[in-house]
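Student: using only what follows, build the 3D model:
(2 chains)
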Amino acid sequence: MLTEREIIATLEMLKNENLDVRTVTLGVSLFDCASHDVELFISNIHKKILRLAGNLVDTCDEVGLRYGIPVVNKRISVSPVAVAACNFSAEQMCRIAMALDTIARRLRIDFIGGFSALVEKGFTKGDRALIEAIPDALAQTERVCSSVNVASTHAGINMDAVALMGRTIRRAAEITADRDGIGCAKLVVFANIPQDVPFMAGAYLGVGEPDAVINVGVSGPGVVKKAIDRARLSNPALDLGQISETIKRTAFKVTRVGELIGRKVAARLDVPFGVVDLSLAPTPNVGDSVGEIFQSLGLKSIGNPGSTAILAMLNDAVKKGGIFASSYVGGLSGAFIPVSEDLNIAEAARKGHLTIEKLEAMTSVCSVGLDMVAIPGSTSAETIAGIIADEMAIGVVNSKATAVRLIPVPGKKAGDRASFGGLLGEATIIDIPDDGGSAGFIALGGRIPAPVQSFKN
Amino acid sequence: MKKIVVFVLGPDRPGIIAAVSKTLFEQGCNLEDVSQTILQTEFMGIFVASMNDIKNEDEVLAALQAAISSLGLFVHMRPMSTGLSQQPAGEPFIITTFGPDRPGLVAGITEVLAHNGVNITNLKAVSRGDGDRQHYIMIYEVDVPPAADYHAMRTALYDRAQTLGLDINLQHREIFEQIHRV
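Tutor: Coordinates of the predicted model:
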């Protein structure tokens, strides 16, 4: 028999604290769709994705209704297109992106990820074609997401790829200038990209993954904040060790919800269940913010000194609770700090509490990186590449995933507003010191060798 | 062996279970299952006991009445029917409602459940608050039979709740267990 308290506590999490399953992402391998003919390849992926994902949205809605937990987003991740379609030209890569977009619309999927390349050690013909196609592909599609892994702890940092991505980001912004450079909001540069991320824009299905798999992204920053507030209200003398315990217990509950829903959806679709990605992923809604947690822990604003320590504690407590709750934890798993997607973080950036330097420091202890940061449109490709290189170094040396999703907003300068719409939110453009000082370093190229900590064999 | 079921009800006070169980023991009965509930000041207990076939139920009832009537309690006893076919187990769901107290809430919700063949396995309904702001909370644990039309039942329940001015939730029980139990 359940206790009254257990039932009421669960309802509270659902009704008032935005507990939901942020995304159920169906991974679909495209390797058996390969063909020498791009039209045949597109026809193959069309058939395969429709066969596997035809009922994805309805199944998620049905399971959500049964358990009373909404599945907010239903998404698809595919094999890295640069690998599955490695023989095609940039123009043909664009055709493939448009086909993926059509499939996503038809299936009522909000994002499809995997327009991706893995180039940490070097480029194939397909990698070069795909990266060349990224700006046009993202401008001409609405729902396709792209990621490029340019570094790993085992391979080091491919600085030629870093420089190329600096130019690609600028180009992607320029050709979507009429929409504040939204192309860049769907493009993320990674170090140590996990193979099973369900969250966008970095979701793709890794080469070691099964033919089809369900990965689940849970969220719940609102649940964590309310749990901290309740605990502190009932005992004002709580210290950080005790608060960390509260976060851990909350992460456990949130993860259990995600795994249950994911397993039910996987069973109904008859595909294996992969992982739960237990990340605190905010949305631009009041009460669904990671930034607000910093205020619940005594800071006036995220970005104040102490922020990195709080984020480290938060990230760790979330992981500990989640790892106990599920045996199959994967993806990014930690706290996200996407500036435009979190009202509170966006506000901190607007007021100047949060600078690019502080954000970078915080990414050394959280699970993603410089995420959804709007920067001046005039920022040079070399400076963007320099920022990417720094972020990649943090990931490579700490053996963790880090990512960069910068939007150089065309025609706008620091302090101006940029709006990307929907879940992508809006943000004030952050100041970037750009005196051309990185250009000489970026021009050197080559590959920064793998750090000593990669030699574990 | 045969089985009896004993119902005891009346104002709650210390010693009720002790008096009933002692009497059953002295009458040679073996107590199998016991459940008790207290609502505000009132006690209700159900006792299932087994006894030898040659033992007379009337003697047991007389002994029980002698033991507890002085406590102001009412006792009822009957032989327990055995061999009844169990209904096929349904899927366990939890229904919760929350809203302003008014007459007819339990009747309104349970009518929909009965109409859909849904069995209530546990129910807790409490009135909370003070003065004009009385809120009524109902928590039902129910079994939804496999044959039931889940969507039709859900729609009917939500419609009824709206008519009654209640906020309602219908959720599979597993979600509560997953969240709260290790």
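
Student: what's the local residue count around the residue in the stretch 301-450 of chain A positioned nearest to chain B?
Tutor: Closest residue of the stretch 301-450 of chain A to chain B, C-beta to the nearest C-beta: residue A:324 (8.2 Å). Backbone N, C-alpha and C define where each C-beta goes, glycine included. Counted with other C-beta atoms under 10 Å in any protein chain shown, the neighbours of residue A:324 add up to 16.

Student: for the helix or strand encompassing it, packing partners?
Tutor: Taking DSSP states H and E as the definition, residue A:324 sits inside helix A:307-325. With contacts taken as 3 or more C-beta pairs under 8 Å, 6 or more residues apart in numbering or on different chains; DSSP states H and E, helix A:307-325 sits against helix A:240-269, strand A:273-278, helix A:291-296, helix A:356-363.

Student: can you give me the angle that helix makes with helix A:240-269?
Tutor: Relative orientation of helix A:307-325 versus helix A:240-269 (axes from the mean of the first three to the mean of the last three C-alpha atoms, to 10 degrees): 50 degrees.

Student: now do helix A:307-325, average pLDDT.
Tutor: Helix A:307-325 carries an average pLDDT of 94.

Student: so for that helix, what gets flagged as buried?
Tutor: A:307, A:310-311, A:313-325 (16 or more other C-beta atoms under 10 Å in any protein chain shown).

Student: repeat for stretch B:123-136
Tutor: B:124, B:136.

Student: got a list of contacts for it?
Tutor: A:4, B:97-102, B:105-106, B:137-141, B:166 (C-beta atoms under 8 Å, 6 or more residues apart in numbering or on different chains).

Student: from those, which ones fall inside helices?
Tutor: A:4, B:105, B:106 (DSSP state H).

Student: closest to residue A:433 among the residues you listed?
Tutor: When those are compared for distance to residue A:433 (C-beta to C-beta), residue A:4 comes out closest, at 57.3 Å.

Student: any idea how far the closest one is from chain B?
Tutor: 6 Å (C-beta to the nearest C-beta, to the nearest Å).

Student: that residue contacts residue B:138, doesn't it?
Tutor: No. At 10.9 Å, residue A:4 does not count as touching residue B:138 under the criterion of C-beta atoms under 8 Å.

Student: which other helices and strands does the helix or strand where residue B:114 lies contact?
Tutor: Taking DSSP H and E as the criterion, residue B:114 maps to helix B:105-115. Here helix B:105-115 touches strand B:91-100, strand B:119-128, strand B:135-144, helix B:150-164, going by 3+ C-beta pairs under 8 Å, 6+ apart.

Student: okay, now the unreliable bits of the chain?
Tutor: Because you didn't say which chain, this covers chain A. A:1 (pLDDT under 70).

Student: right idea, wrong chain: chain B
Tutor: Scanning chain B for pLDDT under 70 picks out B:82-88, B:130-132.

Student: among the helices and strands packed on helix A:307-325, which is the most enclosed?
Tutor: strand A:273-278 (a mean of 27; mean count of other C-beta atoms under 10 Å in any protein chain shown).

Student: what parts of the stretch 51-200 of chain A come near chain B?
Tutor: Applying C-beta under 8 Å from any C-beta of the partner chain, we find that the stretch 51-200 of chain A lies next to chain B at A:65, A:66, A:67, A:68, A:69.

Student: run a quick check on the third one versus residue B:175, I expect a contact.
Tutor: Yes. Assessed by C-beta under 8 Å, residue A:67 is found in contact with residue B:175 at 4.6 Å.
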